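Q: Show me the folded form of this:
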Amino acid sequence: MSNNKFHASENEWEFNYTGSIQEFKIPYSGKYKIEIYGAQGGSTSVESGGQGGSTILNVALLKDKNLFIEKYKKVL
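A: Predicted coordinates:
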């Protein structure tokens, strides 16, 4: 597992694709808003790819606990 491979801007963190699970240590207890976005699907000569999906979570997290992030590059 890679440790904290993310881009931080004040109280916002962006996790990029690394090919492995990323571990993020919660810096403080409180409410967090987690936004997840999926990429647009690939197109073929017959059909165009999907729009991609998204979801938003509002969760309470505790300081010093770990959050594990796993991003997939491609799903078949």
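Q: residue contacts, Leu61?
A: Listed by CB atoms under 8 Å, 6 or more residues apart in numbering, the contact set of Leu61 reads 26, 29-32, 67. C-beta here means a position set from N, CA and C on the backbone, and glycine is covered the same way.
Q: cool, and Phe68?
A: For Phe68, the contacting residues are 1, 21-24, by CB under 8 Å, 6+ apart.
Q: Counting only strands, which of those residues make the cut?
A: The members of the contacts of Phe68 that map onto strands under DSSP state E are 22-24.
Q: now the residues you listed: which count as buried?
A: Among the ones in strands among the contacts of Phe68, those that count as buried by neighbour count (16 or more other CB atoms under 10 Å) are 22, 24.
Q: where's Thr44 relative to Gly50, distance?
A: To Gly50, Thr44 is 12 Å away according to CB to CB, to the nearest Å.
Q: what residues do those two have in common as contacts?
A: By CB under 8 Å, 6+ apart, no residue touches both Thr44 and Gly50.
Q: Measure how buried Thr18 is and give me the count.
A: By other CB atoms under 10 Å, the residues close to Thr18 number 15.
Q: sorry, back to before: using CSV, please lay out the contacts of Phe68 together with distance to Ile36 and pLDDT.
A: Converted to CSV, those look like this (distance: CB to CB, whole Å; pLDDT from 0 to 100):
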residue, distance to Ile36, pLDDT
Met1, 19, 41
Ile21, 15, 90
Gln22, 14, 90
Glu23, 17, 92
Phe24, 14, 91
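Q: Kindly reformat the residues you listed as TSV containing distance to Gly38.
A: What follows is the contacts of Phe68, written out as TSV (distance: CB to CB, whole Å):
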residue	distance to Gly38
Met1	22
Ile21	18
Gln22	17
Glu23	22
Phe24	20
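Q: Kindly indicate which of those lies nearest Phe15.
A: Nearest to Phe15 out of the contacts of Phe68 is Gln22 (CB to CB; 5.7 Å).
Q: which one is that closest one nearest to, not counting chain neighbours?
A: Distance criterion CB to CB, 6 or more residues apart in numbering; nearest residue to Gln22, sequence neighbours excluded, is Ile69 at 4.5 Å.
Q: you'd agree the one you found is up against Thr18?
A: No - between Ile69 and Thr18 there is no contact under CB atoms under 8 Å: 9.2 Å.
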